[in-house]
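Engineer: the following comprises the amino acid sequence and a computationally predicted model.
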Amino acid sequence: MVSAQKSPPPAPAEDAQNASGRRLVWAALALATLVAAALRLPFLDHQSLWLDEVFTSRIVREGSLSALWRHVEATESTPPLYYLLAWLLRARSAAAMRAIPALALVAAVPVTYLACRRLVGALAALAAAAIVAVNPMLVWYATDARSYALFVLTALLSVWAFSALLERPRARRYALWLGASLACVWTHYFGVFVVGAEVALLLLERPDKRRLTAAWSGAIALCCAPLLALLAAQSSDERAGFIEARSLARRVLEAVRQFAMGPNVPRSWLEAAGVLLACVALLAGAWLAWRARGASRALLALVATVIAAPLAVAALGITDRFYARNLIVAVPLLAALAAPALLRVRAAPLALYLALATLASVWVATDWRYEQADWRSAIARAEAIDPSAPVVAVTKTATPVVQAYLARPPIATGGLSAREAWEIVEPLRPAGRRALTPAPAPALPGFVAARALELRGFRLILELAPHTTPLAPAAGTGASVFSGR
């Protein structure tokens, strides 16, 4: 009888080589995390709030949890977890509200590695983490005081627990998956697509644990049940009508462009190069994952479900919320899928994409022309010159932003008379243009321009009248009138 031979223990040199490789991986991951922090944290307060962030600031100033819940129900289209976290942390200023998404998308870098290494391997997971660090869409939403960045982090935590369950189903891992999945769905309703795909894959890939998976899945569903009433209330008006106003085909194209290079790339050549490289790598990575089977194929199925399920729901007319920012959680998963292809040819494609993405991210973060309109600076400049003059704010949608910075509500058109007034005209980003552009200033009947300034695309015009005259902007200008201090 031949006895079974035990495999020889690893040689000391092999142990040292493995340890050295692990140290290099963690050092590279730490570097990517530092890069992510450098692209996000210095820019928390570099621009004023925009319309949606003003609603966030009102929610987190509520005096009680019940008032916060009612406010989320009345004005928002997402679950309350982000707002609850900001409320608990007393995040009131723009920088404080944005610190939560910024830190979430810094933490997403190492979590991407941990979530994806069982699915695509350590090297490809490290490449995906590097992409998450510099991806322009993730850099953009890291300074947006909304729920989208936290959605990315909580979804990645769910994928991390899911990958651990694929490897070895254990009660503790199911409990971690339960917690991460609840956080994901309570942050954004599209978390249902992430968790639902994980449930289906666990039932398919681990048939020996189907009862256990079904029991834990039922617990997730039970804990998410309170969101149904909230969702019904939030779906009762047209607060998301701007999504359906755009064709579905256009929104799909926008999602492709934004996933690769962000919402507002400064130059067409930069966007074209990044999108082309990302799309080719994704197609090649999907083919490699399909051929590899195993965990890589599970990642492919997860990505396909996260994108295709909301697309199908929209195309069938059930409910249409297909919009790039609602699908932002797909970005790190797509990065992991594309990573094996980007690592070919000595990782030259990866280095090129990282360079293009970093250039776009830094350019947008340091150039006001490609950011939100800076009402904070415009109002501060006008009030530094003449704070007593009423303000006529010419804007289509940003009246709540003006109100937040002036700290007073608008008054009825024609309800105020004055001999002087500031006319502040918001810059526009015309169709087909990437940069903010100064907009024409509509005439104020009875007033003449005495002084004109231009600041970050805004036109600031100090208007004078020979005698007290009603402030009545022409109809259709979108102007709102505010009293002076």
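Structural biologist: That came through fine. Numbers count the residues shown, from 1 in each chain.

Engineer: nearest spatial neighbour of the spatially most central residue of the chain, chain-adjacent residues omitted?
Structural biologist: For the chain, the residue sitting closest to the mean C-alpha position, by C-alpha atoms, centre = their mean, is Tyr141 at 3.6 Å. In space, and not counting its chain neighbours, Tyr141 is closest to Tyr148: 4.8 Å by C-beta to C-beta, 6 or more residues apart in numbering. Just so you know, the C-beta spots here come from the backbone N, C-alpha and C atoms, and that holds for glycine as well.

Engineer: isn't the one you found up against Ile100?
Structural biologist: No - counting by C-beta atoms under 8 Å, Tyr148 stays clear of Ile100, with 11.2 Å between them.

Engineer: list residues touching both of the two?
Structural biologist: Counting by C-beta atoms under 8 Å, 6 or more residues apart in numbering, Tyr148 and Ile100 have no shared contacts at all.

Engineer: and these two? which has more neighbours close in?
Structural biologist: Tyr148 (26 against 22; other C-beta atoms under 10 Å).

Engineer: and the more buried one, what pLDDT?
Structural biologist: You'll see Tyr148 listed with a pLDDT of 98.

Engineer: what's the answer for Ala475, then?
Structural biologist: On the pLDDT scale, Ala475 gets 68.

Engineer: Asp15 too?
Structural biologist: pLDDT, Asp15: 56.

Engineer: which regions of the protein lie under the pLDDT threshold?
Structural biologist: 1-17, 237, 413-414, 475-476 (pLDDT under 70).

Engineer: gap between Ala272 and Ala339?
Structural biologist: 22 Å (C-beta to C-beta, to the nearest Å).

Engineer: of those two, who's got more company?
Structural biologist: Between Ala272 and Ala339, Ala339 has the larger neighbour count (other C-beta under 10 Å), namely 27 against 14.

Engineer: I'd assumed Val120 was in contact with that one.
Structural biologist: Yes - at 6.3 Å, Ala339 and Val120 qualify as touching, with contact defined as C-beta under 8 Å.

Engineer: can you check which residues contact both of those two?
Structural biologist: By C-beta under 8 Å, 6+ apart, the residues touching both Ala339 and Val120 are Ala128.

Engineer: what residues sit buried inside the strand ranked longest in the chain?
Structural biologist: For the chain, the longest strand by residue count, based on DSSP state E, is strand 458-470. Across strand 458-470, burial judged by 16 or more other C-beta atoms under 10 Å covers Phe458, Arg459, Leu460, Ile461, Leu462, Glu463, Leu464, Ala465, Thr469.

Engineer: how many residues are close by Glu244?
Structural biologist: Neighbours around Glu244, by other C-beta under 10 Å: 16.

Engineer: what's the spacing between the residue nearest to it when sequence neighbours are not counted and Asn326?
Structural biologist: Distances taken as C-beta to C-beta, 6+ apart place Asp320 nearest to Glu244, at 5.1 Å, with adjacent residues excluded. Asp320 is 11 Å from Asn326, where distance means C-beta to C-beta.

Engineer: do Gly274 as well
Structural biologist: Distance from Gly274 to Asn326, by C-beta to C-beta: 22 Å.

Engineer: can you tell me the SS state at Val265?
Structural biologist: Following DSSP: H, G, I helix; E, B strand; the rest coil, Val265 is assigned to coil.

Engineer: for it, list the residues it contacts.
Structural biologist: Counting by C-beta under 8 Å, 6+ apart, Val265 makes contact with Pro136, Arg257, Glu271, Gly274, Ala360, Val364, Tyr370, Arg434.

Engineer: what number of residues are in the vicinity of the first one?
Structural biologist: Yep, that's Pro136 we're talking about. Using other C-beta under 10 Å, the number of residues around Pro136 comes to 29.

Engineer: and the helices in the stretch 101-250 of the chain?
Structural biologist: Per DSSP state H, counting those that start in this stretch, the stretch 101-250 of the chain carries helices over the ranges 122-134, 136-141, 148-167, 171-187, 191-205, 210-224, 226-234, 241-244, 248-261.

Engineer: what's the answer for the stretch 251-400 of the chain, then?
Structural biologist: Using DSSP H, counting those that start in this stretch, helices in the stretch 251-400 of the chain cover 268-292, 294-315, 330-342, 344-365, 375-385, 399-406.

Engineer: can I get those helices in JSON lines with distance to Ser66?
Structural biologist: Supplementary listing: these in JSON lines, determined by distance: least, C-beta to C-beta, whole Å:
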{"stretch": "helix 268-292", "distance to Ser66": "45"}
{"stretch": "helix 294-315", "distance to Ser66": "31"}
{"stretch": "helix 330-342", "distance to Ser66": "34"}
{"stretch": "helix 344-365", "distance to Ser66": "38"}
{"stretch": "helix 375-385", "distance to Ser66": "31"}
{"stretch": "helix 399-406", "distance to Ser66": "23"}
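
Engineer: quick one, which of those helices is packed in tightest?
Structural biologist: helix 330-342 (a mean of 26; mean count of other C-beta atoms under 10 Å).

Engineer: how far out from the middle of the chain is it?
Structural biologist: 18 Å (C-alpha atoms, centre = their mean, to the nearest Å).

Engineer: what's the angle from it to helix 191-205?
Structural biologist: Taking axes from the mean of the first three to the mean of the last three C-alpha atoms, to 10 degrees, one finds helix 330-342 and helix 191-205 inclined to each other by 50 degrees.
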